[in-house]
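*Asks:* Quick one, what's the 3D model for this:
(2 chains)
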Amino acid sequence: MNIPAQPMATSSVSVGSGESRVSKAKDKVKMNAQDVKVFYGDAQAINGIDLDIYENEVLAFIGPSGCGKSTFLRCLNRMNDTIDICRVEGKITLDQNDIYAPDRDVVLLRAQVGIVFQKPNPFPKSIYENIAYGPRLHGLARRKAELDDIVESSLRRAGLWEEVKDRLDKPGTGLSGGQQQRLCIARTVAVSPDIILMDEPCSALDPIATAKVEQLIDELSESYTIVMVTHNMQQAARVADRTAFFHMGDLVEVDTTDQIFTNPQDQRTHDYITGRFG
Amino acid sequence: MSNLALIATLLVMMALAYHLGLTRSRAVAAEHDVRMHSRPGYYGVLVALWCGLPALAIFLLWSFLAPQLIDMLVTQQLPADLVAGLSDRELQTLLRRVTALANEQGVSGGGSPEELAAAGHMARLQTIENFSLVALMAVLVVVGLIFARRRISPNWRARNQVERVIMFALAASSAVAIFTTIGIVLSMLGEALRFFSFISPAEFFFGTVWNPRFSTAGASSQGDFGLLPLLWGTMMVSTIALLVAIPVGLMTAIYMAEYAPPWLRNVAKPVIEILAGIPTIVYGFFALIVVGPFLSSVGDLIGINIRTTSALTAGLVMGIMIIPFVSSLSDDIITQVPKSLRDGALGLGATKSETIRQVVLPAALPGIVGAFLLAASRAIGETMIVVLAAGNNPVLHANPFEAVSTITVTIVNQLTGDMDFASPQSLVAFALGLTLFVITLGLNVIALVVVRKYRQQYE
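*Replies:* Model (predicted):
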C-alpha cells in the first residue's frame, strides 16, 4: 500500500489529495454527505456528519464500538430503511443526485452502491446461484453464456475462481468462512456497482483469510470506490487511502491514513489510536 | 383402613421423617464439629424418601396384585358344581357379583347362597389383605426411617442422592406419556387383530364397498368392510382443506412476519390463533348451518349441483380451522431465517417481495413443508366437522360436491349406540383407528425429519 507521505491540509473534511496511490486521480467527489443525522426512535445515533467520498479511493471508518460508523455506512445505500425505527435527516448525494429524494429508486441505488456485511451471509443456494442472483435480478445477462461470464469474472475478481470452479453447483454455505466472505464480495461485484460498502468484512475471519480479503480490497480499488468500517486499526493502515475517525456519533477527523496515524489533529483521535480508550 | 387414609398417614410420616433427618443432621454436625457434605434440608428429604418410597412402592404393587390373588383364592373356594360349565366371561360376571356383595353393594336378584358364602369368604380375605398391607407398610416406614437416620454422617452425600431421585422422577414422568402411547397402540393392535379374524386384511384394505350392516341383524349378514371409500373420503376432504389452508395460511404468515407493522402483528396474531381455539363442534355446525346452504345456493347460481353436506363444505370449513396451524408455524419459521440473508438480498438491490420469494422462502421451505405436513395430519384426524358437514355417504366417487364419509366419521358411527363389542361391526373401529394412526404417525415422522434437516442449516 502506498500511503502519501506529505503533510495534508488540516481541514478535516475536504482533503484534496493530489497523489495518494500512483496513477489515481482522487479529486472527483463520488458521494457527499451534508449534515447527516440518524435517529433510532428518540435516540440520536449520528449528530450531523459532513463527508466527501472520492472516486476510486479506499476510505476506512474507525472508532470505538457504538460510535455510529456502521450506522453511517448503512445510510450510504439506505440499508437503514429496513429498520423500522430508524430515521435519517440531512442530504447524501451520489454523483450530485440526492439518494434520499422521494423519487429515488432505492432498489437501483443498492445495485449502484453494493454492501458486504460483517458476517458472511451466502444464500442457501449453490455457489453459481449466489453470484447469478444479482445479475438475474437486474437483467444484466440475456443468455446463459453471458451469465456464466459474469459469474466467472466476478469469482475471478474475488480471487475465488480457482478454488471453486469445479464445484459451482455445491451450496455456498459449505465454503469456509473466508471463502464465504469472498463469495459475498463476488456476489456484490457481479451487479457491477460503483461503490462497495464493507461493514467490518474481516471481523469474522482468521488472519490468513483476512489477508486475502485485504489483498482483494486493494485490487478492487482499481475499479471501485470502497468504504469500509473496521475495528482493526492496522487494517485501516494497511488498506485505506484515507481514514475517518468517529466518536459518539460525531465524525471527529478525516484525513489521509498516514496523517491520521502519525499526526492526528484531535486529542480524541490521538487517544484512540494510541490505545487510551476504545 | 381406607387407601386414602393410608396415603395421608404415609405423607404425615414422611413429613415427620424430614424433620427427624433435619434435626439429626444438625446434631451430627454439632457433635463432630464439622461441615456436613450437604445442607440439612437434603438429609431431611433423603430420610423422608427412604421412609416413604419403599412403602409407597409396596402399596402400588399390592393394590395391583392383591385383588387378583383374592379372586383366585375365592374361585378355588367356589363349589365345583357352580363353576363347572361356566365360560370365562360368565366366571368374570360371577366374580363381579361376588365382589359387589363382599363390598356390601346390592346385585340384581339378591345373590344365591353360594354367592353369599363366597362373598363372606372374600370379605374375610380382604380384611386380612388390608391388615397385612398396613402392617407391611408400617414396618417399611419404620425400618427406612431408622436406617436412613442412622446413616446420616458428614460424608453421606445426601445432595447427590436427592439429585438422582429427582432424575428418576423426571424420567418416570416422561415414561408415562411414552408407555401410554405404546399401550394405546398395542390395545388397538390387539382389537384390530380380532377384527381381522372376522374379515381378512385384503378384504378390509382393498375393499371398495362399505356396508357393515347392524350387528343386531344376525351373524348371517356380515356386511362389507372396504376401507377404500372411507380413505378416499378422508383424502378428498383433507386435500380440499389443505388447498384452502396452505395458500391462505402461508400468505398470512408472510404478511405477519415481513410486512405487518408491530402493532398490527401484536393484535392480529392472537386473533388468528383464536381460530385454532374454537371448538371443532362449533365449526361443524357453522359448516352445516351457514356454509353448506351458502355453497349450495352458489352452486344453483352457476348451475352446479352442490349438496349442502358435501366434501367441499367440510373441506372448506376444515381448511379455515387449520389456517392458524399453517400460519403460526410458518410465521415462526420465516422469522427464524436470519436477517443477514434478507440484508444480503436487499443489499444487491432486490425488492422486498423478491427477497421473500427468492431467498427467504427457499431458505425456510423445509420448515414450511414440515408445517404443512403437521396441518395435514391434523386435517386427516379431524372428526366433528366431517361428522356434521360431510354427509356420511361412504361411497367411492370423485365428485367433491357430493356427500362423502371419512375414517373418523365411521369410527364415531360404529361406536355409538347399542352395540356388541365382540362383533366385527364394532371391532372395525379399531382397525380404522389403527389405519388413521399409522397415516398421521407417518406424516408426523416425515414432518419431524424434514424440520430437523432444516434446523441443521443455520447451526
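
*Asks:* In chain B, where is pLDDT below threshold?
*Replies:* Chain B contains residues with pLDDT under 70 at B:1, B:213-222, B:454-459.

*Asks:* what domains does the record give for it?
*Replies:* Following automatic domain parsing, chain B resolves into domains at B:3-156, B:163-192, B:224-455.

*Asks:* among the ones you listed, which is the most enclosed?
*Replies:* With neighbours defined as mean count of other CB atoms under 10 Å in any protein chain shown, those peak in mean count at domain B:224-455, which reaches a mean of 19. To be clear about C-beta, it is placed using only N, CA and C from the backbone, and glycine gets the same treatment.

*Asks:* circling back to that earlier point, now the domains of chain B as JSON lines including distance to chain A?
*Replies:* Shown next, in JSON lines, are the domains of chain B (distance: least, CB to the nearest CB, whole Å):
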{"stretch": "domain B:3-156", "distance to chain A": "43"}
{"stretch": "domain B:163-192", "distance to chain A": "35"}
{"stretch": "domain B:224-455", "distance to chain A": "4"}
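
*Asks:* what about the ones you listed, which gets the closest to A:Glu146?
*Replies:* For A:Glu146, the closest of the domains of chain B is domain B:224-455, at 17.8 Å, according to CB to CB.

*Asks:* hang on, the earlier thing: distance to A:Tyr54 for the domains of chain B - can I get that in TSV?
*Replies:* Output for the domains of chain B, formatted as TSV (distance: least, CB to CB, whole Å):
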stretch	distance to A:Tyr54
domain B:3-156	70
domain B:163-192	66
domain B:224-455	22
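
*Asks:* can you tell which of those domains is closest to A:Gln180?
*Replies:* domain B:224-455 (11.0 Å).

*Asks:* helix or strand for the residue nearest the centre of chain B, which one?
*Replies:* The residue lying closest to the centre of chain B (CA atoms, centre = their mean) is B:Thr181, at 6.9 Å. Following DSSP states H and E, one finds B:Thr181 within helix B:158-198.

*Asks:* by contact count, what packs against that helix?
*Replies:* The contact analysis (3 or more CB pairs under 8 Å, 6 or more residues apart in numbering or on different chains; DSSP states H and E) places helix B:158-198 against helix B:40-77, helix B:424-455.

*Asks:* and the gap between B:Leu78 and B:Gly417?
*Replies:* With distances taken as CB to CB, to the nearest Å, B:Leu78 is found 36 Å from B:Gly417.

*Asks:* Output the helices and strands packed on helix B:158-198 in TSV, with distance to A:Cys184 appended to each entry.
*Replies:* Shown next, in TSV, are the helices and strands packed on helix B:158-198 (distance: least, CB to CB, whole Å):
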stretch	distance to A:Cys184
helix B:40-77	55
helix B:424-455	22
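
*Asks:* ok, B:Pro400 - contacts?
*Replies:* Applying CB atoms under 8 Å, 6 or more residues apart in numbering or on different chains, we find B:Pro400 in contact with B:236, B:240, B:310-312, B:315.

*Asks:* which element is it on?
*Replies:* When elements are assigned from DSSP H and E, B:Pro400 belongs to no helix and no strand.

*Asks:* From B:Gly41, how far out is it?
*Replies:* B:Pro400 is 66 Å from B:Gly41, by CB to CB.

*Asks:* Which parts of chain A are strands?
*Replies:* A:29-40, A:43-54, A:58-62, A:86-94, A:97-98, A:113-116, A:195-199, A:225-229, A:242-247, A:250-256 (DSSP state E).

*Asks:* same thing with the stretch 151-300 of chain B?
*Replies:* With strands called from DSSP state E, counting those that start in this stretch, the stretch 151-300 of chain B shows them at B:210-211, B:224-225.

*Asks:* follow-up on the earlier one: out of the helices and strands packed on helix B:158-198, flag the one nearest B:Ala276.
*Replies:* Proximity to B:Ala276, assessed across the helices and strands packed on helix B:158-198 by CB to CB, is greatest for helix B:424-455 (17.3 Å).

*Asks:* How far does the closest one sit from its chain's centre?
*Replies:* 13 Å (CA atoms, centre = their mean, to the nearest Å).

*Asks:* ok, now stretch B:71-82?
*Replies:* Counting by CA atoms, centre = their mean, stretch B:71-82 comes out at 39 Å from the chain centroid.

*Asks:* contact partners of that stretch?
*Replies:* Contacts of stretch B:71-82 (CB under 8 Å, 6+ apart): B:83, B:91, B:94-95, B:98-99, B:114, B:118, B:121-122, B:125.

*Asks:* Kindly recompute the last result at 10 Å.
*Replies:* Applying CB atoms under 10 Å, 6 or more residues apart in numbering or on different chains, the contact partners of stretch B:71-82 are B:83-84, B:86, B:91-92, B:94-96, B:98-99, B:102, B:112-115, B:117-119, B:121-122, B:125-126, B:129.

*Asks:* For B:Ser173, which of the strands of chain A is the nearest?
*Replies:* Counting by CB to CB, B:Ser173 lies closest to strand A:29-40 out of these; the figure is 46.3 Å.

*Asks:* quick one: buried residues of that closest one?
*Replies:* For strand A:29-40, burial by neighbour count (16 or more other CB atoms under 10 Å in any protein chain shown) applies to A:30-33, A:36-38.

*Asks:* And for stretch A:101-110?
*Replies:* A:106-107, A:109-110.

*Asks:* pLDDT below threshold where in chain A?
*Replies:* Using pLDDT under 70, the flagged stretches of chain A are A:1-26, A:278.

*Asks:* all helices of it, in order?
*Replies:* A:69-75, A:106-112, A:127-137, A:144-157, A:161-164, A:177-189, A:207-220, A:233-239, A:257-262, A:267-273 (DSSP state H).

*Asks:* The third one and chain B in contact?
*Replies:* Yes. Using CB under 10 Å from any CB of the partner chain, a contact is recorded between helix A:127-137 and chain B, made by A:129-130, A:133-137.

*Asks:* Now that helix - C-alpha only, CSV.
*Replies:* Provided in CSV are the C-alpha atoms of helix A:127-137 (Å, rounded to 0.1, in the frame of the first residue of the first chain):
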residue,chain,number,x,y,z
ILE,A,127,-22.2,-21.0,-5.5
TYR,A,128,-23.2,-20.3,-9.0
GLU,A,129,-26.7,-19.2,-8.0
ASN,A,130,-25.3,-17.0,-5.2
ILE,A,131,-23.3,-15.0,-7.8
ALA,A,132,-26.0,-15.1,-10.5
TYR,A,133,-28.7,-13.9,-8.2
GLY,A,134,-27.9,-10.1,-8.6
PRO,A,135,-27.4,-10.1,-12.4
ARG,A,136,-30.6,-12.0,-12.9
LEU,A,137,-32.4,-9.6,-10.7
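
*Asks:* Report the contact partners of the closest residue to B:Gly120 other than its chain neighbours.
*Replies:* Spatial nearest neighbour of B:Gly120, excluding adjacent residues (CB to CB, 6 or more residues apart in numbering or on different chains): B:Ala102 at 7.6 Å. Going by CB under 10 Å, 6+ apart, B:Ala102 touches B:70, B:74, B:115-116, B:118-126.

*Asks:* and which of these is nearest B:Gly190?
*Replies:* B:Ile70 (26.4 Å).

*Asks:* so that closest one makes contact with B:Asn103?
*Replies:* No. Applying CB atoms under 10 Å, one finds B:Ile70 not in contact with B:Asn103, separated by 11.9 Å.

*Asks:* Between those two, which contacts overlap?
*Replies:* Joint contacts of B:Ile70 and B:Asn103 (CB under 10 Å, 6+ apart) are B:122-123, B:126.
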